[in-house]
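Colleague: The following block contains a protein sequence and its predicted model.
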Amino acid sequence: MSERDAPRPTDAELEILTILWHRGPSTVKEVHKALNKIRAAGYTTVLKFMQIMTDKGLLRRNEEQRAHIYEAISPQVETQRLLVGELLDKAFGGSAANLVMQALATKPASAEELSNIRRLLDEYERGAR
């Protein structure tokens, strides 16, 4: 499947994916419990979302055990790149500089984050990436 054909998660699906990326393969019950620490959600709603996400190709379901285990198909970084790439094209006309400047103006980076950004820029300038 090409990046262009890759499924796009909705905001609610992204919350579930984030839980699975941090927890690893999990049951609906485990995801429901973790999601309820963020916001109220009914068990059947979480179940339905995870079933839809499986149909969309966002999740994989292991049915070998009594309680089905779900896991994200794509790694977090791959999904983030897909979403940032779309945002970059749609909102910033493909300008990475404008995206970064707006991101930093919206929420200032910590000293550690700025150090990591400088390191990445140095690597790009040296052609390491």
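Modeller: Yes, it's here. Note that the coordinates shown come from a computational prediction; the quantities given were computed from them, not determined experimentally.
Colleague: so who does residue 86 touch?
Modeller: residue 8 (C-beta atoms under 8 Å, 6 or more residues apart in numbering). All C-beta atoms are positioned from the backbone trio N, CA, C, and that covers glycine.
Colleague: for it, phi and psi?
Modeller: phi -70, psi -40 (degrees, to the nearest 10).
Colleague: Could I get the pLDDT score of it?
Modeller: With respect to pLDDT, residue 86 scores 93.
Colleague: Against residue 95, how distant is it?
Modeller: 14 Å (C-beta to C-beta, to the nearest Å).
Colleague: which of the residues in stretch 84-94 are buried?
Modeller: residue 88 (16 or more other C-beta atoms under 10 Å).
Colleague: Dump it to CSV, keeping only the CA atoms.
Modeller: What follows is stretch 84-94, C-alpha atoms only, in CSV (Å, rounded to 0.1, in the frame of the first residue of the first chain):
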residue,chain,number,x,y,z
VAL,A,84,2.7,16.0,9.0
GLY,A,85,3.3,15.6,5.3
GLU,A,86,-0.4,16.2,4.6
LEU,A,87,-0.5,19.2,7.0
LEU,A,88,2.7,20.6,5.4
ASP,A,89,1.2,20.4,1.9
LYS,A,90,-2.3,21.6,2.8
ALA,A,91,-1.6,24.4,5.3
PHE,A,92,1.9,25.5,4.6
GLY,A,93,2.3,25.1,0.8
GLY,A,94,5.0,22.6,1.3
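Colleague: And the average pLDDT for the helix or strand harbouring residue 49 is what?
Modeller: For residue 49, the element it lies in under DSSP states H and E is helix 43-56. Mean pLDDT, helix 43-56: 97.
Colleague: Which strands and helices lie in contact with that helix?
Modeller: helix 11-23, helix 28-35, strand 59-62, strand 69-72 (3 or more C-beta pairs under 8 Å, 6 or more residues apart in numbering; DSSP states H and E).
Colleague: between those, which gets nearest to residue 103?
Modeller: Evaluated over those, closeness to residue 103 peaks at helix 11-23, with 17.5 Å, by C-beta to C-beta.
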